[in-house]
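Asker: fold the stuff below for me.
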Amino acid sequence: STVYRTLQKFKDLGLVDVFHFDEDHQHFEAKNASEHHHLMCIGCGSVIEFEYDLINSIRTEIPEAADFDIKRAELRVTGYCSNCRGKDVQVSTDKGAASSRVKEEIA
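Answerer: Take a look at the predicted model:
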């Protein structure tokens, strides 16, 4: 479709990042200066962005400890969001599942 061709063009131009959360779920995000990670609900498919200082510190510790040049580090955690938790939900197969742009900072 036209939307996906446009998103692919944006990716080719370096304007967006693409995350492949499973074989049927691609998540497109505008290039962002701050590194963040993702919580993905396996009930409804929503994606919540979050930052976590411990994960970010790994980017400095690993290169020093292992003499390794990290180019990209990402973390995806799957589970159930507050809306799905406790409900009798089935895993979402909706390719157009919701995506939440809420940024969470986890202490």
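Asker: just checking: what are the partner strands of whichever strand or helix holds Thr78?
Answerer: Per DSSP states H and E: Thr78 is located in strand 76-79. Counting by DSSP bridges, the strands paired with strand 76-79 are strand 37-41 (parallel).
Asker: list the buried residues in the helix or strand just after the strand it pairs with.
Answerer: Counting by DSSP H and E, the element after strand 37-41 in chain order, helix or strand, is strand 47-52. By 16 or more other C-beta atoms under 10 Å, the buried positions in strand 47-52 come out as 47-50, 52. (Each C-beta comes from the backbone N, C-alpha and C, glycine too.)
Asker: looking at those residues, which is nearest Ser82?
Answerer: Proximity of these to Ser82 was ranked by C-beta to C-beta; the top entry is Ile48 with 9.9 Å.
Asker: picking that back up, dump the buried residues of strand 47-52 to CSV, plus distance to Ser1 and pLDDT.
Answerer: Converted to CSV, those look like this (distance: C-beta to C-beta, whole Å; pLDDT from 0 to 100):
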residue, distance to Ser1, pLDDT
Val47, 20, 85
Ile48, 26, 85
Glu49, 25, 80
Phe50, 30, 82
Tyr52, 35, 76
